[in-house]
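1. Give me the fold of what follows.
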Amino acid sequence: MISQRMQDEMNAQIMHETFSAYLYFSMAAYFHAKSLDGMAQWMKAQAQEEISHALRFFDHIDERGGRIELEAIEKPQTLWESPLAAFDAALAHEEFITARINELVTIATEENDNAAAIMLQWFVTEQVEEEASVTKVVDMLKLIGDSGHGLLMADRELGQRIAGPVAGGEADEEA
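-> The predicted structure follows:
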């Protein structure tokens, strides 16, 4: 059985992961409005990944006899000053999620909750990949600067990203 403390923190994480999806959908809408459909596709794929992350926490609580209690989700930001600013915001958000995952690992250790600790290791690895992926885009956009041609080339490249399947306990392992 999952402890009340871990259950509460994982319920909060469901909200954070779902907010992540909202944020990335909002960024996708921003990019569509700028006719940067490749960047919009990248963000939509990212949003779908975040939904699968929320489902992993949802399933973990459920499988351990806990109670899932969904929290309110705030409205995400809708405008950024540039594509670089949007990706900078995405990186800052991923860093926040990494800190949250690290907090959950600490709680699992403190409570000797091996089931949670094992499940959370997937997220530790995932967050390294998430931050690296967004950092790569931020670095690319910094190199491009104000070059319209460069931005269009980056948009085309980012549009190649395809979302993996959205699932609960079987979330996309390649994400």
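2. what's the burial count for the residue nearest to Leu36 when sequence neighbours are not counted?
-> Leaving aside its sequence neighbours, Leu36 sits nearest to Asp155 (CB to CB, 6 or more residues apart in numbering; 4.8 Å). C-betas here are computed from N, CA, C, even on glycine. Asp155 has 20 neighbours, counted by other CB atoms under 10 Å.
3. Tell me who's in contact with Asp155.
-> Leu36, Asp37, Gly38, Met39 (CB atoms under 8 Å, 6 or more residues apart in numbering).
4. Spatially central, which residue of this structure would that be?
-> By CA atoms, centre = their mean, the chain has its centre lying nearest to Glu50, at 4.4 Å.
5. residue contacts, that residue?
-> Contact analysis of Glu50 by CB under 8 Å, 6+ apart lists Glu17, Thr18, Ser20, Ala21, Tyr24.
6. For it, what is the enclosing helix or strand?
-> Secondary structure assignment for Glu50, by DSSP states H and E: helix 37-63.
7. ok, then the element right after that helix?
-> helix 83-110.
8. so that next one versus helix 37-63, what angle?
-> If you take axes from the mean of the first three to the mean of the last three CA atoms, to 10 degrees, helix 83-110 sits at 20 degrees to helix 37-63.
9. returning to what we had before: which of the contacts of Asp155 has the most neighbours?
-> Counting neighbours by other CB under 10 Å, Met39 comes out on top of the contacts of Asp155 with 28 neighbours.
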